[in-house]
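Undergrad: Please work out how this folds:
(chains A and B)
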Amino acid sequence: MNKKRIIVIGGGIAGMEAATNLSAMGYQVTLLEKENELGGHLLGWEKLFPTMRLGKDVIEFLNKGIGLTHIQIIKNADIIDARKNDSIFSVKLSDGRSFESDAIIVATGYDLFDARKKEEYGYGIYDNVITSAELEELFLSGKPIVNALGKTPKKIGFVHCVGSRDEKVGNVYCSKVCCVTAVKQSIEIKEKIPDAEVFCFYMDLRMFGMHFETLYKQAQEKHAVNFIRGRLSEACENIDGSILVKVEDTLAARPLRMSVDLLVLMVGITPSEGTKKIGAMLGLNFGPNGFYKCMDQHTMTTVSNVPGVFFAGCCMAPRTINNVFADSRSAALMTASYLENYSIEKRTI
Amino acid sequence: MKTEGKHAIWKDYQKDIADDRYFYVRSCVRQNFFPGAEQTFLRIMRDVLGKDVYEHPCHTTCTGIGYHSDVVPFDTAMTVVARQFALMTESGYENLVPSCITSFGLYTEILETWHHFPETEAKVREYLKKATGREFKIPKNLAHASDVIYKFRKEIAQKAKYKLINKNTGEPLKVVEHIGCHYAKMFPHVGVGGAEYPYVLVGMVEDWGGEIVDYPERRHCCGFGFRQYLVQANRGYSVACSHKKFESMQPYKPDMIITNCPGCPMFLDKWQYTIAEMEGKTYGKDGHGIPVFTFEEVAGMVLGYDPWDIGLQVHQVSCEPILDKMGIPYDPTKKFADKSGQFLGAPEKPSVLKI
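TA: The predicted model follows:
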């Protein structure tokens, strides 16, 4: 076995796949995960766009990789220090354990936008305003879809771009995955409650991925999901607990008021607390949106400003799962190149 | 509804409110609308709380209504406001307390402008110097009069003779709070509780025994909205705004409405008469309206002031149902009497709205 050691910080999709690839190349890999289970946000997701594949199938795929190799997995890892001394990295945990390595892959993922910051939507105040992640948890639980009143919702609204493309909350970027997630979840709602009316309130529908447009058309043609182009100005609670929404229908060019039994906020992707913490410890550069800044947006997306530290996944920007897989393998290759002194990661334009 | 969610937001929107030595600037319109309100504020501040509140006889309009109606340019508004600051500075005060929400909003807008564009402040200083020879200091503290009463709401509660409680049922009165748009909608951080779930009036109502009603059109404009009312052709829109709010709040059966803006109590009060005449619709119990009060009047009521001393007789919707619920005594024969006791004559009764 190669004597070179690598620490991977973060045990979500990116960290698991990067660790698997590096371990398969013969490196000694230590995977540090803050939670008690590997899998990250994917653990809370029932089905995945655009195929409706189960999230647990992807977890199983990742675990197969981990199982094939010899990775030291440290769960509940609370990192209190990470630094580089000469060419050696050292990482300390709050339980006293410490680890050394020749390279680090940072795969600290993302946090979901705190919907309470969009005060006008009433999340955390109105009982029937929930987030897309909470709806997904409900799907995953297999329980019947009921609102806070215990009733099957007959009218459901999805609000796109909650915490994305929104200067008011300081997030000017697109979170990339929310549009198609809303399409996916609206189809699932219609499959579970066929007589429900579903409304998606959107700015633009960014169906960039292969088959996303097909899913969008399917939502309209097969499931009669209503897509209304306009941003919500506010949500309020009616006396019966339903939610009154006000939105400008920009295609019809008129204001619209309607009550829904359940309002789902499509929360965006924000830099994780772990990203901020580890970045500060290792002296990593941050971009203007708070994600890590790579050395080149076209050619060196997984390379950091600190030699020996590489990025994988949503710590750099919002990513789809297939992007994260590609990233992780790329980061593994770049790390191997660094450790074998090929220096291809030092190329500049 | 989860009130803990609101409490979390309220924690993010707290502001410094001066303890004492206030330079008070009155509203242009309140003394015509509800003339007892400002006097009640001064009475509470001086007699109950023992605070130093100063008024300058040369104080003028801030031009806020003209500014928001697009008839007064911003440079003019800033220079007039700079003069108010100069009066405050010359009087030896640093804590500015406007009575009017629009004044508060305009002062805030000007201070924010000067903060971000110091060259604009320098230009206005030059204008004022050339026009009047005056100079000024920026207020150390800017708080609306409702912020000040909010700050001392617990002291007022301790000295209260009556509570916002129905004495017959022991139940808290259901109170709709309505915040003037210019209080925090332009600059949420200057409002106690922010713009979406303002706490400034909620805090008073809760500490004085009442229960707040949150209803779907809570955030909607009262109907004043300047252009909606000042442009005569738009007045139907003004009534429509108030109508929307009444329709939205009526299912909650509120006992009263509390406000902190000059225009809101005026329009929410008077338009109930108009809607009753136009549509035959009333929103209170048995053909009555929903009583509408300023925060100063409500403070005066809980402190046990004579209702006719604080000006409740000039309200279109009669205040007696609330006085009866709270157990506040009043002499009906003195409702329309002057200070010497001479009867001034009662206004004509509306044809629909019961008073």
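
Undergrad: where do the helices sit along the stretch 151-300 of chain A?
TA: A:178-192, A:212-221, A:273-282 (DSSP state H, counting those that start in this stretch).

Undergrad: ok, and what's touching the second one?
TA: Think helix A:212-221. The contact list for helix A:212-221 (CB atoms under 8 Å, 6 or more residues apart in numbering or on different chains) reads A:49-50, A:179-180, A:183-184, A:186-187, A:190, A:205, A:207, A:225, A:227. Heads up, the C-betas are built off the backbone N, CA and C, glycines and all.

Undergrad: One more pass at 10 Å, please.
TA: A:49-52, A:179-180, A:182-187, A:190, A:198, A:200, A:205-207, A:209, A:211, A:225-227, A:320 (CB atoms under 10 Å, 6 or more residues apart in numbering or on different chains).

Undergrad: Could you tell me which residues within it count as buried?
TA: A:212, A:215, A:216, A:219 (16 or more other CB atoms under 10 Å in any protein chain shown).

Undergrad: Likewise for the longest one?
TA: For helix A:178-192, a neighbour-count test (16+ other CB under 10 Å) marks A:178-190 as buried.

Undergrad: tell me the angle of it relative to helix A:212-221?
TA: With axes from the mean of the first three to the mean of the last three CA atoms, to 10 degrees defining the directions, helix A:178-192 sits at 40 degrees from helix A:212-221.

Undergrad: Kindly export helix A:178-192 (C-alpha atoms) in PDB.
TA: C-alpha atoms of helix A:178-192 as PDB (Å, rounded to 0.1, in the frame of the first residue of the first chain):
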ATOM      1  CA  CYS A 178     -34.600  23.800  -6.700                       C
ATOM      2  CA  CYS A 179     -36.500  24.300  -9.900                       C
ATOM      3  CA  VAL A 180     -36.400  20.700 -11.000                       C
ATOM      4  CA  THR A 181     -36.900  19.600  -7.400                       C
ATOM      5  CA  ALA A 182     -40.200  21.500  -7.300                       C
ATOM      6  CA  VAL A 183     -41.200  19.900 -10.500                       C
ATOM      7  CA  LYS A 184     -40.300  16.500  -9.100                       C
ATOM      8  CA  GLN A 185     -42.100  17.100  -5.800                       C
ATOM      9  CA  SER A 186     -45.200  18.500  -7.500                       C
ATOM     10  CA  ILE A 187     -45.500  15.400  -9.600                       C
ATOM     11  CA  GLU A 188     -45.100  13.200  -6.400                       C
ATOM     12  CA  ILE A 189     -47.800  15.200  -4.700                       C
ATOM     13  CA  LYS A 190     -50.100  14.700  -7.700                       C
ATOM     14  CA  GLU A 191     -49.300  11.000  -7.600                       C
ATOM     15  CA  LYS A 192     -50.200  10.700  -3.900                       C
END
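
Undergrad: by contact count, what packs against that helix?
TA: With contacts taken as 3 or more CB pairs under 10 Å, 6 or more residues apart in numbering or on different chains; DSSP states H and E, helix A:178-192 sits against strand A:47-48, helix A:132-141, strand A:155-162, strand A:197-202, helix A:212-221, strand A:226-229, strand A:262-267.

Undergrad: quick one: strands adjacent to the shortest one?
TA: Strand A:47-48 sits in its sheet next to strand A:53-54 (antiparallel), going by DSSP bridges.
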